[in-house]
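1. need coordinates for the following:
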Amino acid sequence: MREIFDRRGVVVGWLDENVIFDRASHRWIAFVTDDLVHAEDGRVLGFFRLGFFRDRRGGAVAFTEDARRGPELPASLPKLAPPTLPPKPARANIRTIPPLPVTGVRWGTDWWSFLRSPPMLSGNNRGTKAPKAA
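-> I've put the predicted structure just below:
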């Protein structure tokens, strides 16, 4: 399990395999499938690559400790004991999206705006089932 940090280095969540849990409530709030970050309802929020969570324009919104090739990170990061988390979700409805943007070294929107973003749409936006989580 890995901490998810915002641009200031504050822990905002936890990444447990492919499931994202909220730091405060410990409930699952999103999941990652094939580099795409999906909301609980299957909306594509952005993507996760090289340790960075990125918005639809490629701006970094949060990161894990192993992040690389992105914006400058805070000098020090807190180490928190992993919380006891509820069971991971079994399945979720996911959607297809258009090609992802090129990533860069800039910060994008903040973590909470990222989680509330509207869906990324493409010509083929039929829902498909995500693989069963462990």
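
2. residue 82 and residue 26: what is the separation?
-> According to Cβ to Cβ, to the nearest Å, residue 82 stands 10 Å off from residue 26. From N, CA and C alone the C-beta is placed, and that goes for glycine too.

3. neighbour-wise, which of these two wins?
-> residue 26 (14 against 11; other Cβ atoms under 10 Å).

4. check contacts around that one.
-> With contacts defined as Cβ atoms under 8 Å, 6 or more residues apart in numbering, the neighbours of residue 26 are 83, 84, 85, 86.

5. list the contacts of the second one.
-> Right, residue 84. Per Cβ under 8 Å, 6+ apart, neighbours of residue 84: residue 26.

6. can you pull out the helices in the chain?
-> Taking DSSP state H, the helices of the chain run over residues 111-115.

7. which stretches of it have low pLDDT?
-> Applying pLDDT under 70 to the chain flags residues 88-106, 117-134.

8. recalculate using a threshold of 50.
-> Where the chain drops to pLDDT under 50, the residues are 121-134.

9. just the strands in it please.
-> All strands of the chain, identified by DSSP state E, fall at 2-5, 11-16, 19-22, 28-33, 36-39, 44-49, 52-54, 60-63, 93-95, 127-129.

10. now mean neighbour count and distance to residue 70 too, for those strands, in CSV please.
-> What follows is the strands of the chain, written out as CSV (neighbours: other Cβ atoms under 10 Å; distance: least, Cβ to Cβ, whole Å):
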stretch, mean neighbour count, distance to residue 70
strand 2-5, 21, 12
strand 11-16, 20, 16
strand 19-22, 21, 18
strand 28-33, 20, 17
strand 36-39, 22, 15
strand 44-49, 23, 9
strand 52-54, 27, 5
strand 60-63, 27, 5
strand 93-95, 18, 25
strand 127-129, 11, 29
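
11. for residue 72, which of these is the nearest?
-> With Cβ to Cβ as the measure, strand 60-63 is the member of these nearest residue 72 (10.1 Å).
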